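A.B. asks: just need the structure, nothing else, for what follows:
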Amino acid sequence: MLEVILGWFALVILLAVCAFLVTVPYNQDPVLKLADPEGIKRIPGPRSLPYLGSVLTLNVPREKLIKRFVDMQNEYGDIFKMWAVGYLYVFLKDPDDIETILNSRKHIKKSIDYQLLEPWLGTGLLTSSGEKWHSRRKILTPAFHFKILEGFIQVFNVNSEFLIKDLEAQIQEPFVDMNAHITKCTLDIICEAAMGISLHDKERDDSEYTRAVKRMTQLIVHRQLSPWLHRQFVFDLSPAGREQARLLRTLHSFTGRVIRERRAEYTANLDAEKHFVSGKKRHLAFLDLLIEVSEKEGVLTDADIREEVDTFMFEGHDTTAVAISWALYFLGSHPDVQEKVVTELKEIFGDSDRAATFEDLQRMKYMEQVIKETLRLYPSVPGFNRKLDVDVKLKNYTIPAGAFVPIAVYAL
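C.D. replies: Sure, this is the predicted structure:
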């Protein structure tokens, strides 16, 4: 009887090990295998176990993960390494070393983390590398000219009024999750700025799309922090994978429909400077600008345009909401700074409740300092990652080709 139990126990252990090896495969990058092992050993870092590497070092609650990285940087200094199932990560903190990476056009290849975004964003500006990244950036840069951004002031004003009314309804509450309310506002703004669609338009209901954007963002973070879900076929079979598939149908069908509508509108009016709604001239949304480039230069398909609009929606709403939320937190924590901001606004607006203009924004010098200091202390994107295609010589160490280099912006 004991032998039967031991046999079943051994079988269960074997199956568990096999399942782990399938879901979390070991990295077999041939480029990294050519690296100088002694040079890698000289880089400090936590103790590494066979196969797993140092991943158990990160076995902490998710809300404490960033603090864990900060603690390791304080322990090991300006550079430290971690092995994780065959992947080499070299974390940098020294500004000169970081400048070596970021100033080179050779080191723009994105890490494997960005692949988790591709089902939604494709290979747009955020996820692409190399020639495609350079080409897309050249095409998109004119869309962010100050003169174009100036045309969206009315969008900012209208949606800010909705946010104020939303917050006024919460005054009697003992606790208010400010980020949730601000995220709704920034998502509304980005949707109108990116696609020219007002979510306050009573004639259409796009709430399913906005809910899908927020939930999709949460699923991406969940998958990123769950290595066993990185393999596509494993993720597709999981509940999160099936939910993502449903969300993608909602997201892609919505943006695809809007692109077709706006392209038909553009075709019907070949003069791109005369876009009218109810007889009133309106600004061109980000989508309109992409369609104009597509029609005039023939360099962007509908699929290409969808990649960039989806990227704009994903990157724009959450990062902005985080920055605003932290700014409000710091203003609340420093009443003296808050009073200076109020004084500056009174000097600009007086007792008027008029909408802000672009010229007003240029006069908000102290407000700008508050925002920049907030971004310095708590950057909206706490870090990003690069994969090296060539060896990189830093001040004291050489990082081999094939390694990943996370740049911890929050730790600078």
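
A.B. asks: remind me which helix or strand the residue nearest to residue 360 when sequence neighbours are not counted belongs to.
C.D. replies: With sequence-adjacent residues excluded and distances taken as Cβ to Cβ, 6 or more residues apart in numbering, residue 360 is closest to residue 348, at 5.5 Å. C-beta coordinates here come from the backbone N, C-alpha and C atoms, glycine included. Here residue 348 sits within helix 335-349, counting by DSSP states H and E.

A.B. asks: what comes up buried for that helix?
C.D. replies: 337, 340, 341, 344, 345 (16 or more other Cβ atoms under 10 Å).

A.B. asks: export the residues you listed to a markdown table and tack on pLDDT and distance to residue 160?
C.D. replies: Formatted as a markdown table, those follow (pLDDT from 0 to 100; distance: Cβ to Cβ, whole Å):
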| residue | pLDDT | distance to residue 160 |
| --- | --- | --- |
| 337 | 97 | 21 |
| 340 | 97 | 21 |
| 341 | 96 | 15 |
| 344 | 96 | 17 |
| 345 | 95 | 13 |
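
A.B. asks: any chance of JSON lines for the residues you listed, columns distance to residue 118?
C.D. replies: Conversion of the buried residues of helix 335-349 to JSON lines gives the following (distance: Cβ to Cβ, whole Å):
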{"residue": "337", "distance to residue 118": "41"}
{"residue": "340", "distance to residue 118": "45"}
{"residue": "341", "distance to residue 118": "41"}
{"residue": "344", "distance to residue 118": "44"}
{"residue": "345", "distance to residue 118": "43"}
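
A.B. asks: tell me the one of those nearest residue 132?
C.D. replies: The closest of these to residue 132 turns out to be residue 341 (Cβ to Cβ; 42.1 Å).

A.B. asks: just checking, that closest one touches residue 370?
C.D. replies: Yes - applying Cβ atoms under 8 Å as the test, residue 341 and residue 370 come out as touching, 6.2 Å apart.

A.B. asks: quick check: neighbours shared by the two?
C.D. replies: Residues touching both residue 341 and residue 370 (Cβ atoms under 8 Å, 6 or more residues apart in numbering) are residue 331.

A.B. asks: wait, isn't the residue nearest to residue 360 in contact with residue 362?
C.D. replies: No - when contacts are counted by Cβ under 8 Å, residue 348 is not listed as touching residue 362 (10.1 Å).

A.B. asks: related to what we said a few turns ago, for the residue nearest to residue 360, what are its contacts?
C.D. replies: 360, 363, 364.

A.B. asks: among those, which one has the most neighbours?
C.D. replies: residue 364 (17 neighbours; other Cβ atoms under 10 Å).

A.B. asks: excluding its backbone neighbours, what's nearest that residue?
C.D. replies: residue 344 (6.4 Å).

A.B. asks: using PDB, list the CA coordinates for the next helix or strand after the helix holding residue 348.
C.D. replies: Where DSSP H and E defines the elements, the next helix or strand beyond helix 335-349 is helix 358-363. Output in PDB follows, covering the C-alpha atoms of helix 358-363 (Å, rounded to 0.1, in the frame of the first residue of the first chain):
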ATOM      1  CA  PHE A 358      -3.900  78.200 -24.000                       C
ATOM      2  CA  GLU A 359      -2.400  81.500 -23.000                       C
ATOM      3  CA  ASP A 360      -3.500  80.900 -19.400                       C
ATOM      4  CA  LEU A 361      -1.600  77.600 -19.400                       C
ATOM      5  CA  GLN A 362       1.600  79.400 -20.400                       C
ATOM      6  CA  ARG A 363       1.200  81.700 -17.300                       C
END
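
A.B. asks: may I have the helix or strand following helix 358-363 as CSV, with CA atoms only?
C.D. replies: Toward the C-terminal end, the helix or strand that comes next after helix 358-363 (DSSP H and E) is helix 365-377. Extracted C-alpha coordinates of helix 365-377, given in CSV (Å, rounded to 0.1, in the frame of the first residue of the first chain):
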residue,chain,number,x,y,z
LYS,A,365,4.6,78.7,-14.1
TYR,A,366,4.4,77.6,-10.5
MET,A,367,1.8,74.9,-11.4
GLU,A,368,4.2,73.6,-14.0
GLN,A,369,6.9,73.3,-11.4
VAL,A,370,4.6,71.3,-9.2
ILE,A,371,3.7,69.0,-12.0
LYS,A,372,7.4,68.5,-13.0
GLU,A,373,8.4,67.8,-9.3
THR,A,374,5.5,65.3,-9.0
LEU,A,375,6.8,63.5,-12.1
ARG,A,376,10.3,63.5,-10.8
LEU,A,377,9.3,62.0,-7.4
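
A.B. asks: any idea how far residue 388 lies from residue 406?
C.D. replies: 12 Å (Cβ to Cβ, to the nearest Å).

A.B. asks: higher neighbour count, these two?
C.D. replies: residue 388 (22 against 17).

A.B. asks: show the contacting residues for the more buried one.
C.D. replies: 107, 109, 399, 400, 401, 402, 403, 404, 405.

A.B. asks: rewinding a little: list the contacts of the residue nearest to residue 364.
C.D. replies: Counting by Cβ under 8 Å, 6+ apart, residue 344 makes contact with 363, 364, 365, 366, 367.

A.B. asks: okay, buried residues for stretch 54-64 please.
C.D. replies: Result for stretch 54-64 [16+ other Cβ under 10 Å]: buried residues 54, 55, 57, 58.

A.B. asks: wait, residue 256 sits on residue 306?
C.D. replies: Yes - assessed by Cβ under 8 Å, residue 256 is found in contact with residue 306 at 6.2 Å.

A.B. asks: which one's more surrounded, these two?
C.D. replies: The neighbour comparison of residue 256 against residue 306 (other Cβ under 10 Å) goes to residue 306, with 23 against 15.

A.B. asks: now do the same for residue 58: its pLDDT.
C.D. replies: On pLDDT, residue 58 comes in at 81.

A.B. asks: now it. Nearest residue, chain neighbours left out?
C.D. replies: residue 68 (6.1 Å).

A.B. asks: how deep is residue 236 tucked in, by neighbour count?
C.D. replies: 14.

A.B. asks: again, but for residue 213
C.D. replies: 22.

A.B. asks: who touches it in this structure?
C.D. replies: Residue 213 neighbours (Cβ under 8 Å, 6+ apart): 187, 251, 313, 314, 317.

A.B. asks: what's the separation between it and residue 134?
C.D. replies: Distance from residue 213 to residue 134, by Cβ to Cβ: 28 Å.

A.B. asks: one more: residue 320?
C.D. replies: 26 Å.
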